[in-house]
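Student: Quick one, fold the following:
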Amino acid sequence: MKLTTTFIVSSLLVTASAVPVTQKSGGYKVTLSKRASFSTSESVDVDGDALRDHLRRTTAKYERGFAAYHNNTGKAHPLAGKGLAKRHMSSDPLTNEGNAMWYGAITVGTPPQSFTMDFDTGSSDLVLPSPACTESCQGHHAYQPTESSTALSLLKPFSSAFGDQSKVYGMQYQDTVGIGGMSATKQTVGAATQYSDGFSKARFAADGLLGMAFKSISELHADPVFHTLYNQNQTDSGTFAFKLAENASELTLGGVNEALYTGEFAWSNVTEEGYWQVAVEGMTINNKTMFHGHAAIIDSGTTLLIADSTTVAQFYATIPGSRPAPEVAGPGYYTFPCNAVPSVSMTFGGRAFEIPQKTFNLGPSFKGSQECVGSLVGSDDMSFWIVGDIFLRGVYTAFDIENKRVGFADLA
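Tutor: A predicted model of the protein is given here:
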């Protein structure tokens, strides 16, 4: 494995700050943090409010991405359904998003300013707080363009609407972004003058967001950071890869870490450039295969598996004792008997990959309950699947911008 210019980010499931970059075998490691679970503070049952808010914010994220795709390409995204996220635009207070974020350290500017970022394959922009963002950005480190000799104001504003009816506003800059010894020069950075409520420190532990999808869904109309690194010959290849697990999780930029997987990759071609959109060739539930040929977006920034309501109802109909549970976490969620967690696998690139039962089961619906909440959730507004880290924690995942494909392999 070639590691001379690859970047490796290792992760522990803790809430400590990122540690300084260190070098090992020619690569670079940064410790990431991740929220622990969607459980309540007692860790004995699920946090229904957090689950409800996570679904609402996820659907709102895709509404923004589809709007950006239309603005950038002049055409509607093929997956954009009418009304997506509209019914989720309520003013309910948001809660912690739980097990929904993988984040680690980068630098921006000259001299370098350090930040923690949420690495998200379901979006494309780099956004940080600016010094003008005061109350709504408390607890986050602000990007100071006036203190960077490489910062250039583009004199262009931006705004993004979120699922809690709040918005992120700001101005765009170009600056140097450093990751693991590599530098993306003239990278577009969104410097927010106002964060949405969902980005408060209590709800969003990272300082900002680093999107890893394609330019066509960029709300800043800019190349994503990894594309800039690749275009500026900072990486050995156009591939980045995730291991998202309970221990020793890792992001590699510019290649894959052969020590983290076994066998060969099963590759699926991207069917529509924008998101990491591929085809689900099938899903097997307790040895029954169904749901062939659905479009799916591979999204490290989402925890759940999300599909259309009809598909999800058919899925749970195969599990005796399962039922809709809107009173637990809102519409779209189901429970099943805790002693009958289903065996579930998804097929990509001709190979079936199992979803770990302990990740499919989000936990009891309340303390002492014999009903557990499933991580496959239905949405009336979606005609496609979102494959989040409930699935990704059971595989090693590679994203290839050169060949526009996603690959899965078995974890070592």
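Student: Show me how the record splits this structure into domains.
Tutor: 7-253, 260-411 (automatic domain parsing).
Student: can you redo those as a markdown table with mean neighbour count and mean pLDDT?
Tutor: Backbone N, C-alpha and C define where each C-beta goes, glycine included. Shown next, in a markdown table, are these (neighbours: other CB atoms under 10 Å; pLDDT from 0 to 100):
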| stretch | mean neighbour count | mean pLDDT |
| --- | --- | --- |
| domain 7-253 | 20 | 77 |
| domain 260-411 | 19 | 95 |
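Student: Using PDB, write out every CA atom in stretch 378-394.
Tutor: The C-alpha trace of stretch 378-394 is given here as PDB (Å, rounded to 0.1, in the frame of the first residue of the first chain):
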ATOM      1  CA  GLY A 378     -39.800   5.400   6.000                       C
ATOM      2  CA  SER A 379     -40.400   8.800   4.500                       C
ATOM      3  CA  ASP A 380     -43.400   9.800   2.400                       C
ATOM      4  CA  ASP A 381     -41.300  12.300   0.500                       C
ATOM      5  CA  MET A 382     -38.600  10.100  -0.800                       C
ATOM      6  CA  SER A 383     -38.500   7.700  -3.700                       C
ATOM      7  CA  PHE A 384     -34.900   6.700  -3.100                       C
ATOM      8  CA  TRP A 385     -32.800   5.200  -0.300                       C
ATOM      9  CA  ILE A 386     -30.300   7.000   1.900                       C
ATOM     10  CA  VAL A 387     -27.700   4.500   3.200                       C
ATOM     11  CA  GLY A 388     -26.100   5.900   6.400                       C
ATOM     12  CA  ASP A 389     -23.600   4.600   8.800                       C
ATOM     13  CA  ILE A 390     -25.900   1.900  10.200                       C
ATOM     14  CA  PHE A 391     -24.800   0.000   7.000                       C
ATOM     15  CA  LEU A 392     -21.400   1.700   6.700                       C
ATOM     16  CA  ARG A 393     -20.200   0.500  10.100                       C
ATOM     17  CA  GLY A 394     -20.200  -3.100   8.800                       C
END
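Student: hang on, isn't residue 377 packed against residue 332?
Tutor: Yes: applying CB atoms under 8 Å, one finds residue 377 in contact with residue 332, separated by 4.6 Å.
Student: got any residues that touch both of those two?
Tutor: Overlap of the contact sets of residue 377 and residue 332 (by CB atoms under 8 Å, 6 or more residues apart in numbering) consists of 55, 306, 312.
Student: those helices in this protein, which residues are they?
Tutor: Assigned by DSSP state H, the chain shows helices spanning 48-73, 225-231, 309-317, 326-329, 357-360, 389-392.
Student: Between the ones you listed, which one is closest to residue 191.
Tutor: Across those, residue 191 has its closest neighbour in helix 225-231 (15.0 Å, CB to CB).
Student: In terms of secondary structure, what does that closest one contact?
Tutor: Packing partners of helix 225-231 (3 or more CB pairs under 8 Å, 6 or more residues apart in numbering; DSSP states H and E): strand 167-179, strand 182-194.
Student: Turn those strands into JSON lines, including distance to residue 77.
Tutor: Below are the helices and strands packed on helix 225-231 laid out as JSON lines (distance: least, CB to CB, whole Å):
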{"stretch": "strand 167-179", "distance to residue 77": "21"}
{"stretch": "strand 182-194", "distance to residue 77": "21"}
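Student: Of all those, which one is nearest residue 395?
Tutor: strand 167-179 (23.5 Å).
Student: Quick one: list the elements packing against that closest one.
Tutor: Taking 3+ CB pairs under 8 Å, 6+ apart as the contact cut, strand 167-179 packs with strand 102-108, strand 126-129, strand 152-161, strand 182-194, helix 225-231.
Student: chain center to the shortest one, what's the gap?
Tutor: A distance of 16 Å separates the C-alpha centroid of strand 126-129 from that of its chain, computed with CA atoms, centre = their mean, to the nearest Å.
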